[in-house]
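Student: I'd like to go over a predicted model; first the sequence, then the structure.
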Amino acid sequence: FPVTIGERVEEFEKKLSEMFNHPYILTLNSATSGLTMALRMIKDEFEKNGITISSEDEVLSTPLTCMATNIPIMANNMRIKWVDVDINTGLIDFADLENKITKKTKIIMFVHWGGYPVDLDKLNEILDKKEKEIGFRPKIIEDCAHAFLSEYKGKKIGTSGNYAVFSLQAIKHLTTGDGGLLFCPNKESYDKAKLLRWYGIDRNKRNYQGKDFRLEANVTELIVTGK
């Protein structure tokens, strides 16, 4: 399997898009990178809409997961607030989640534990209610590392309009030795993620106007995390 971006990787992404019936899939070096990127992009989206994200703002997340799920929150200089786990399912507990959503809650991250999907309809009901209370809707990031090809009501996990991240690490259902997948919710976020994946450089501009794309000076997007 190729170790960097090129025709074979693009072919792989195309086949994944067909498999999931979702056009906005990017391969990355790890799922952790995908979570880091999704958090950064959501922060940018909030700020674009006039909502500033500070170190006091919170990401609601689950403690029942690999440490790799939650390290990206700290890397993006955000605060983790733990949500209880349902003892019967291993999934995020909705009653505790609802109680902990406040104006400081900007993002909710959860794991589809052991391949079992979180009830996304119930989650949206809670967010509909809380949006009226706090004046905005927290964004969702789905950690799908356990849930490759799992389905919720006949639809594959990762394709419900949220940011979603899969792992291709050595012990996962589909492995490339190491790696990850980022599912973006729309074309705008997908195009931005493609830039961030490659240092902010647009690879489609190879030899653009006679210049080597690696020397492109107009880099407007880059990954900056933490302080």
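Tutor: Cool, got the structure.
Student: just checking, S150 touches V111?
Tutor: No - the pair S150 / V111 is not scored as a contact, 11.6 Å apart, by CB atoms under 8 Å. No exception for glycine: its C-beta is placed from N, CA and C like everyone else's.
Student: buried sites along the longest helix along the chain?
Tutor: Identified as the longest helix of the chain according to DSSP state H is helix 31-48. Going by neighbour count (16 or more other CB atoms under 10 Å), the buried part of helix 31-48 is 31-43, 45-46.
Student: Look up the residues that both of S150 and V111 are in contact with.
Tutor: Counting by CB atoms under 8 Å, 6 or more residues apart in numbering, S150 and V111 have no common neighbour.
Student: Give me the more crowded residue out of these two.
Tutor: Set S150 next to V111 and count neighbours by other CB atoms under 10 Å: V111 wins out with 23 against 16.
Student: Give me the phi and psi angles of that one.
Tutor: With angles defined as degrees, to the nearest 10, V111 shows backbone torsions of phi -110, psi 130.
Student: which residues does it contact?
Tutor: Neighbour list for V111: T62, L64, T65, T69, L91, I92, D143, A145, H146 [criterion: CB under 8 Å, 6+ apart].
Student: Out of the residues you listed, which sit inside helices?
Tutor: With DSSP H as the criterion, helices contain T69 from among the contacts of V111.
Student: just to revisit the earlier point, so what touches the longest helix of the chain?
Tutor: By CB under 8 Å, 6+ apart, the list of residues contacting helix 31-48 reads 26, 28, 52-53, 59, 68-69, 71-73, 75-76, 78, 106-107, 109, 139, 141, 143, 145, 163, 165-169, 180-182, 189, 192-193, 196-197, 223-225.
Student: Give the rounded mean pLDDT of it.
Tutor: Averaging pLDDT along helix 31-48 gives 95.
Student: Find the residue closest to S55 in space, skipping its chain neighbours.
Tutor: The spatially closest residue to S55, leaving aside those adjacent along the chain, is N77, at 5.2 Å (CB to CB, 6 or more residues apart in numbering).
Student: Can you name the helix or strand that the one you found falls in?
Tutor: For N77, there is no enclosing helix or strand under DSSP states H and E.
Student: Which pLDDT value goes with it?
Tutor: For N77, the pLDDT comes out at 91.
Student: ok, now E131?
Tutor: Per-residue pLDDT puts E131 at 97.
Student: is it fair to say it lies in a strand?
Tutor: No - residue state for E131 (DSSP: H, G, I helix; E, B strand; the rest coil) corresponds to helix; a strand is not indicated.
Student: how much space between it and T105?
Tutor: Taking CB to CB, to the nearest Å as the measure, E131 and T105 are separated by 11 Å.
Student: Thought K103 was touching E58, still the case?
Tutor: No - at 9.7 Å, E58 does not count as touching K103 under the criterion of CB under 8 Å.
Student: mind listing what's buried in stretch 77-91?
Tutor: For stretch 77-91, using 16+ other CB under 10 Å, the buried residues are N77, M78, I80, K81, V83, D84, V85, G90, L91.
Student: what's the span of that stretch from first residue to last?
Tutor: Distance between the two ends of stretch 77-91: 25 Å, counting by CA to CA, to the nearest Å.
Student: Over to stretch 158-165?
Tutor: First residue to last in stretch 158-165 (CA to CA) measures 7 Å.
Student: cool, and stretch 68-82?
Tutor: End-to-end span of stretch 68-82 (CA to CA): 15 Å.
Student: Assess the claim that G180 and I25 are in contact.
Tutor: No - contact criterion CB under 8 Å: G180 and I25 do not qualify, at 10.9 Å.
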